[in-house]
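Asker: Build the 3D model from these lines:
(2 chains)
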Amino acid sequence: GNSVTQMEGPVTLSEEAFLTINCTYTATGYPSLFWYVQYPGEGLQLLLKATKADDKGSNKGFEATYRKETTSFHLEKGSVQVSDSAVYFCALSVLDSNYQLIWGAGTKLIIKP
Amino acid sequence: EAQVTQNPRYLITVTGKKLTVTCSQNMNHEYMSWYRQDPGLGLRQIYYSMNVEVTDKGDVPEGYKVSRKEKRNFPLILESPSPNQTSLYFCASRPGTVSYEQYFGPGTRLTVT
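Answerer: Alright, predicted model coming up:
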């Protein structure tokens, strides 16, 4: 079946530190991959996406590369800010699930000044 | 402003008292869905709708009902709420089945005592 596994949180970093949040997946077919972000008290919003192998999604200084060989889509940022504190969700969609989004459990990121 | 709205944002109720959470989108999206978010479990889809009068069960439909009589509205109905339905609920919409980005409402925090 289709599933997404994210690293457990919370992840606590100091401002300007390098961030990696791991995400791996299993999927039948060729999934599209996403990172969504949920800021405190808000709904989720799309952060970035990649629709085929070796694509790199990027937005707001965050990047993730679709690695088919390792079935991974790790989220990275070179220098985090306090305002990046949020919950980050990795997700996938595939044709055989009628493009329903399959979600990871979410990783809470805490950035300390 | 393009948005998904939900009401109420917060609700405390008692076991067995029927309630409805409303969801409305102003983007003329065909696809709408309801999720619940619980700690450690990520987002789980309750119901979804691909268009007016077309609804289908998600992963956790038990105890919930939905209707889609008009394109913009997708209410979630709990006929007889129970404490295990205490959760954070999100409504989401997207333009069509193969459209990747979902737009989320701000969430409804429901407590059933």
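Asker: all contacts plus neighbour counts: C-alpha atoms, from now on.
Answerer: Will do.
Asker: residues near B:Gln6, how many?
Answerer: Neighbours of B:Gln6 under the rule other Cα atoms under 10 Å in any protein chain shown: 23.
Asker: In this structure it contacts B:Cys91, no?
Answerer: Yes. With contact defined as Cα atoms under 8 Å, B:Gln6 counts as touching B:Cys91 (7.2 Å).
Asker: joint contacts of the two?
Answerer: Common neighbours of B:Gln6 and B:Cys91 are listed as B:23, B:105, B:107 (criterion: Cα atoms under 8 Å, 6 or more residues apart in numbering or on different chains).
Asker: which one of these is nearest B:Pro75?
Answerer: Taking Cα to Cα as the measure, B:Pro75 lies nearest B:Cys23 of the shared contacts of B:Gln6 and B:Cys91, at 5.4 Å.
Asker: B:Lys71 is in contact with the closest one, correct?
Answerer: No. B:Cys23 lies out of contact with B:Lys71 (Cα under 8 Å); the separation is 10.9 Å.
Asker: Those two: who's more crowded?
Answerer: More crowded of B:Cys23 and B:Lys71, by other Cα under 10 Å: B:Cys23, with 24 against 20.
Asker: Leaving out sequence neighbours, find the closest residue to that one.
Answerer: Leaving aside its chain neighbours, B:Cys23 sits nearest to B:Gln6 (4.6 Å; criterion: Cα to Cα, 6 or more residues apart in numbering or on different chains).
Asker: And the one you found, which helix or strand is it part of?
Answerer: In this structure, B:Gln6 sits in strand B:4-7 according to DSSP states H and E.
Asker: And for that strand, what's in contact with it?
Answerer: Contacts of strand B:4-7 (Cα under 8 Å, 6+ apart): B:21-26, B:91-93, B:103-108.
Asker: Residue of chain B closest to chain A, please.
Answerer: B:Gly42 (3.7 Å; Cα to the nearest Cα).
Asker: what does chain A put close to chain B?
Answerer: Proximity of chain A to chain B is confined to A:41-46, A:89, A:98-99, A:103-106 under the rule Cα under 8 Å from any Cα of the partner chain.
Asker: what's the farthest-apart pair in those residues?
Answerer: Using Cα to Cα for every pair in those, the one that comes out farthest apart is A:Gly41 and A:Asn98, at 29.7 Å.
Asker: Let's see the helix or strand following the strand holding B:Gln6 as CSV, backbone CA atoms only.
Answerer: Counting by DSSP H and E, the next helix or strand C-terminal to strand B:4-7 is strand B:10-13. These are the backbone C-alpha positions of strand B:10-13, laid out as CSV (Å, rounded to 0.1, in the frame of the first residue of the first chain):
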residue,chain,number,x,y,z
TYR,B,10,-14.3,26.0,18.7
LEU,B,11,-17.1,23.8,20.0
ILE,B,12,-17.6,22.0,23.3
THR,B,13,-20.6,19.7,23.4
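Asker: Could you list the paired strands of strand B:10-13 along with their orientation?
Answerer: Take DSSP bridges as the rule and strand B:10-13 pairs in its sheet with strand B:108-112 (parallel).
Asker: how far is the strand it pairs with from where the chain is centred?
Answerer: Here the centre of strand B:108-112 is set off from its chain's centre by 12 Å, with Cα atoms, centre = their mean, to the nearest Å.
Asker: one step back: tell me the spatial nearest neighbour of the residue of chain B closest to chain A, not counting adjacent residues.
Answerer: In this structure, B:Gly42 finds its nearest non-sequential neighbour in A:Ala105, 3.7 Å apart by Cα to Cα, 6+ apart.
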